[in-house]
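Peer 1: Okay, predicted coordinates and the sequence, questions at the end:
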Amino acid sequence: MRNIWTICRRELYAYFVSPIAWVLLAIFAVLSGYFTFLISSEFVRAGFESQLQGQSFPMNLNEQVIAPLFSNAAVISLFLIPLISMRLFAEEKRQGTIELLVTSPVHEAEIIIGKWLSAVLMFCALLAVLAIDYSFLFFYGKPDWKPVATGFLGMVLQAGCLLALGTFISTLTKNQIVAGAVGFALALLLYILNWTTSFGNSDTVQFLNYVSIVSHLDSFTRGVIDTKDILYYCSMIFLGLFLTSRSLESLRWRA
């Protein structure tokens, strides 16, 4: 455990001493702030219009503001998560330190988990910005906190899944741009798989919908923690880290 935390701290330090962390935080802050303002303004406008017209318009802050904000944050994450994971092993290969890393006395699993955990914590730093946006909603309104808490949990699990797959991709190349591009393509594919539901309800369509990351996040944003969603994300994280382990093992034998 000590080695995992040491590697994690080293990687987090590398994020924040470079422009990567600050650029990602700035991008996420601007985009999440813009969507928070846009959706909140529309919610307030609809409420005022319904009052002026004497209509009984159902106002639900969680369903009409917070859930869409989580959906938008998930889309933004598709672009930012590959930028977090692309350097994890690609940078080691570019600098020529990957051989020293895989032949070090540190256990292979500790290296993988330490690097992956640092990427997850980096993403949690982005979510802290979103939490600041939500704090204004709690200050001026009274949303239910449970869907917010489960929504953040779903975002972390989804990010952990994509970061695990991105970690594996990072072991395949020493070019960070290539690792980022392939990671984004894979994240986008997993995001749009649920679009196949418009083509019917066959077993294949249901399988593709289950593989999609979107269908599992929706439950969390509604305040529902379903076992099948937890199992999906944990399985995808395990798959990504397992593939990373196999890739590093091949590097160890070549080294």
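Peer 2: Received it, and whenever you're ready, just let me know what you need. Residues are numbered from 1 along each chain as shown.
Peer 1: What separation is there between the closest residue in space to residue 78 that isn't next to it in sequence and residue 3?
Peer 2: Leaving out its chain neighbours, the residue that sits closest to residue 78 by C-beta to C-beta, 6 or more residues apart in numbering is residue 187, at 4.8 Å. Just so you know, the C-beta spots here come from the backbone N, C-alpha and C atoms, and that holds for glycine as well. With distances taken as C-beta to C-beta, to the nearest Å, residue 187 is found 29 Å from residue 3.
Peer 1: ditto for residue 17
Peer 2: Taking C-beta to C-beta, one finds residue 17 at 21 Å from residue 3.
Peer 1: do residue 248 as well
Peer 2: For residue 248, the distance to residue 3 (C-beta to C-beta) stands at 15 Å.
Peer 1: The two: which has the busier surroundings?
Peer 2: residue 248 (21 against 16; other C-beta atoms under 10 Å).
Peer 1: what secondary structure does the more buried one sit in?
Peer 2: helix (DSSP: H, G, I helix; E, B strand; the rest coil).
Peer 1: contacting residues around it?
Peer 2: 89, 102, 108, 111-112, 171 (C-beta atoms under 8 Å, 6 or more residues apart in numbering).
Peer 1: what do you get for residue 9?
Peer 2: residue 118.
Peer 1: and it, what element?
Peer 2: helix 2-17 (DSSP states H and E).
Peer 1: Export only the CA atoms of that helix, formatted as PDB.
Peer 2: Presented in PDB, the C-alpha positions along helix 2-17 are these (Å, rounded to 0.1, in the frame of the first residue of the first chain):
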ATOM      1  CA  ARG A   2       2.900   2.300   0.800                       C
ATOM      2  CA  ASN A   3       4.300   1.800  -2.700                       C
ATOM      3  CA  ILE A   4       0.900   2.500  -4.300                       C
ATOM      4  CA  TRP A   5       0.600   5.800  -2.500                       C
ATOM      5  CA  THR A   6       4.200   6.800  -3.300                       C
ATOM      6  CA  ILE A   7       3.600   6.200  -7.000                       C
ATOM      7  CA  CYS A   8       0.300   8.000  -6.800                       C
ATOM      8  CA  ARG A   9       1.800  11.100  -5.100                       C
ATOM      9  CA  ARG A  10       4.600  11.100  -7.700                       C
ATOM     10  CA  GLU A  11       2.100  11.100 -10.600                       C
ATOM     11  CA  LEU A  12      -0.100  13.800  -9.000                       C
ATOM     12  CA  TYR A  13       2.900  16.000  -8.500                       C
ATOM     13  CA  ALA A  14       3.800  15.500 -12.200                       C
ATOM     14  CA  TYR A  15       0.200  16.700 -13.100                       C
ATOM     15  CA  PHE A  16       0.300  19.800 -11.100                       C
ATOM     16  CA  VAL A  17       3.900  20.900 -11.800                       C
END
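Peer 1: Sweet, I'm off.
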